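Undergrad: the sequence isn't on hand, but the structure is:
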Ligand SMILES: NC(=O)c1ccc[n+]([C@@H]2O[C@H](COP(=O)([O-])OP(=O)(O)OC[C@H]3O[C@@H](n4cnc5c(N)ncnc54)[C@H](O)[C@@H]3O)[C@@H](O)[C@H]2O)c1
C-alpha cells in the first residue's frame, strides 16, 4: 500500500505506534493481577505453526515486543523445510538463541513449556489447528479468517470456550488506534441512523498468482498429506500449495482474504455480528490464469439491526478504495483500502437535487488521535504491533482480547455465506437458532 499524500510517512507512523504499544504495556503492567497463571515477570514462551509469508511478519511483530511484553519464540514449526529453516534463522537473530524446530505441529503442542502458539497456515487449516491447540492447553493467535468450514469453526470456538483459552483472531485493524477512534465515534451515535455501508477495495493485478515459492517447493521437502489436513487426497500441486487463495477447496479468495477484514470491522462498529441474509456475484473477468476463485467480486449483506453492507473488490482496476458508513446525520468515510487509518466525518446536510454544490457546504472533519494535528497516511502495511500486544497482555490478565473466537466465528460466517451465495447463485440466510446457513428461513 502506498502513502499517497503521506503527511506522516509509514515508517515513522509505525515507529510511533511501536513506542505507544511499549509505553502502554509499562502502564498496564501495574494493573495486572498477580494471581494470574502467567506472572507479570514470567516470560511468555511461544511456538509458531506455519511460518510462510504472514508467519515471517508475525515473527517480526512478536520480536518487536520481546522486551516490552517479555516474550520469546522458543519453537517454530513448518511442514516445508525451506520456510522452517528460514524462520529458525530469523528467530535466532531476533532472540540471540535458536528456537527448537519441528516439522509437525503435534510435537510443538506436546511441549509443556510452550504457553501459546501462533497459527499462520493457509485458511483451510486455521480452525482444525486452533482446536488442537486449545485442547492441548495453549493460548493462540490464529490468522484470519478463523475458518472456512462452518462445523470446523464452531468446533474451534466451542473448544476455546470449553478450555478457557485466550485466543486472538488475526483481524489486526481492530487493535489499531485510528479504527479504534472511529469505532468510538460511531458509538456516540453522531452519524445518526446508519442504513448503508459501502466497502470498495481494489487492486490492479493477478493477485495471489505468481508466488516465487511455486518454483522452489518440492513434495519431498514437505508433507503434502498433512498440508491437505481435512481435505481429500489430490496429487501434489505446487500452485495449490503456495497459491491456495485461488482454489475453491481451500479458500474463497477475496471473501476469506479481504472481506474478512472489512466485515469484521463492520460487525465491531455496528455491534451486529451475523448477517441475516447474503447475496453475491462476480467472476473471473480480469485474469484467466487457471484460478478458480473470482477476481471480481461483490457481496451484499443485510443485518438484523436494519442496514445493508455492500462489499466489492476488483483486481482488474485500482480505482481508489474506501469504506463509507452512511448515517442520517453524517457519513464516516475511511479513505483508502484495507487498513487505511485515514477516517473523516462528513456532515449530511440537504440534498444535491436542491443544491448542486451541496458538497462544498458539508463540513468534513478528520478523525485524529488526541494530540495529533496531521492526518495519518492512507495506507499502512500489515506490520502493526497493537493486536499482538493486546494478545500478550490478555494472556497475562486472562481478559478477552480485541478479536475473540466469537468475533472470528461471526466474520467467518459472513465470509462463508458470501462464498456460498457466489457459488450457488442463491441468497443465503443465517439461522441463528441452529447456527446454520440455509437457503430458506422457516419462521
Ligand atoms: N492478517 C493479515 O493481514 C494477513 C496478511 C497476510 C496473510 N494472512 C493470513 O495468513 C495465512 C497464511 O498466508 P501466507 O501467505 O503466509 O501463506 P504461506 O503459504 O506463505 O505460508 C503458510 C505456511 O504454512 C505451512 N503449513 C501449511 N500447513 C501446515 C501445517 N499443517 N503444519 C505446519 N505448517 C503448515 C506451509 O508450509 C507454509 O510455509 C492466510 O490464511 C492468510 O489469510 C493474514
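TA: That came through fine. Everything numeric here is computed off the predicted structure, so don't read it as measured data.

Undergrad: show me what the helix or strand where residue 387 lies is packed against.
TA: Element membership for residue 387 (DSSP states H and E) is helix 386-397. Of the remaining helices and strands, those touching helix 386-397 by 3 or more Cβ pairs under 8 Å, 6 or more residues apart in numbering; DSSP states H and E are helix 10-29, strand 44-49, helix 53-64, strand 139-142, strand 167-169. In short, each C-beta sits where N, CA and C put it, glycine included.

Undergrad: need the residues of the stretch 51-200 of the chain near the ligand, please.
TA: By Cβ under 6 Å from any ligand atom, the part of the stretch 51-200 of the chain that sits against the ligand consists of 51-55, 77-80, 83, 105, 120-123, 125, 143-144, 170, 172.

Undergrad: and the pLDDT for the one residue sitting closest to the centre of the chain?
TA: In the chain, the C-alpha nearest the mean C-alpha coordinate belongs to residue 171, at 2.6 Å (Cα atoms, centre = their mean). pLDDT for residue 171: 98.

Undergrad: same deal with the one 10 residues further on?
TA: pLDDT recorded at residue 181 is 98.

Undergrad: wait, it sits on residue 371?
TA: No. Taking contacts as Cβ atoms under 8 Å, residue 181 lies outside contact range of residue 371: 12.0 Å.

Undergrad: these two: which has the busier surroundings?
TA: Using other Cβ atoms under 10 Å as the criterion, residue 181 and residue 371 rank with residue 181 on top: 16 against 5.

Undergrad: got the contact list for the more buried one?
TA: Contact partners of residue 181, counting by Cβ atoms under 8 Å, 6 or more residues apart in numbering, are 343, 367-369.

Undergrad: wasn't it part of a strand?
TA: No. The assignment for residue 181, made by DSSP: H, G, I helix; E, B strand; the rest coil, is helix rather than a strand.

Undergrad: where's it relative to residue 89, distance?
TA: According to Cβ to Cβ, to the nearest Å, residue 181 and residue 89 sit 39 Å apart.

Undergrad: residue 411 now?
TA: To residue 89, residue 411 is 34 Å away according to Cβ to Cβ.

Undergrad: more neighbours, those two?
TA: More crowded of residue 411 and residue 89, by other Cβ under 10 Å: residue 411, with 29 against 11.

Undergrad: which strand or helix spans that one?
TA: Assigned by DSSP H and E, residue 411 falls in helix 405-424.

Undergrad: what's the spacing between that helix and its chain's center?
TA: 13 Å (Cα atoms, centre = their mean, to the nearest Å).

Undergrad: ok so, going back, restricted to strands, list the residues of the stretch 51-200 of the chain next to the ligand.
TA: residue 77 (DSSP state E).

Undergrad: buried only: go through the residues of the stretch 51-200 of the chain next to the ligand for me.
TA: Among these, those classed as buried by 16 or more other Cβ atoms under 10 Å are 51-52, 54-55, 77-80, 83, 105, 120-123, 125, 143-144, 170, 172.

Undergrad: then residue 332 would be within a strand, right?
TA: Yes. Looking at residue 332 with three-state DSSP, it is inside a strand.

Undergrad: sticking with residue 199, tell me its helix or strand.
TA: Using DSSP H and E, residue 199 falls within strand 194-200.

Undergrad: could you list every residue that touches residue 215?
TA: Residue 215 touches residue 238, counting by Cβ under 8 Å, 6+ apart.

Undergrad: where's whichever residue of the stretch 301-443 of the chain sits closest to the ligand relative to residue 292, distance?
TA: Per Cβ to the nearest ligand atom, residue 382 is where the stretch 301-443 of the chain lies closest to the ligand, at 3.8 Å. Separation of residue 382 from residue 292 (Cβ to Cβ): 25 Å.
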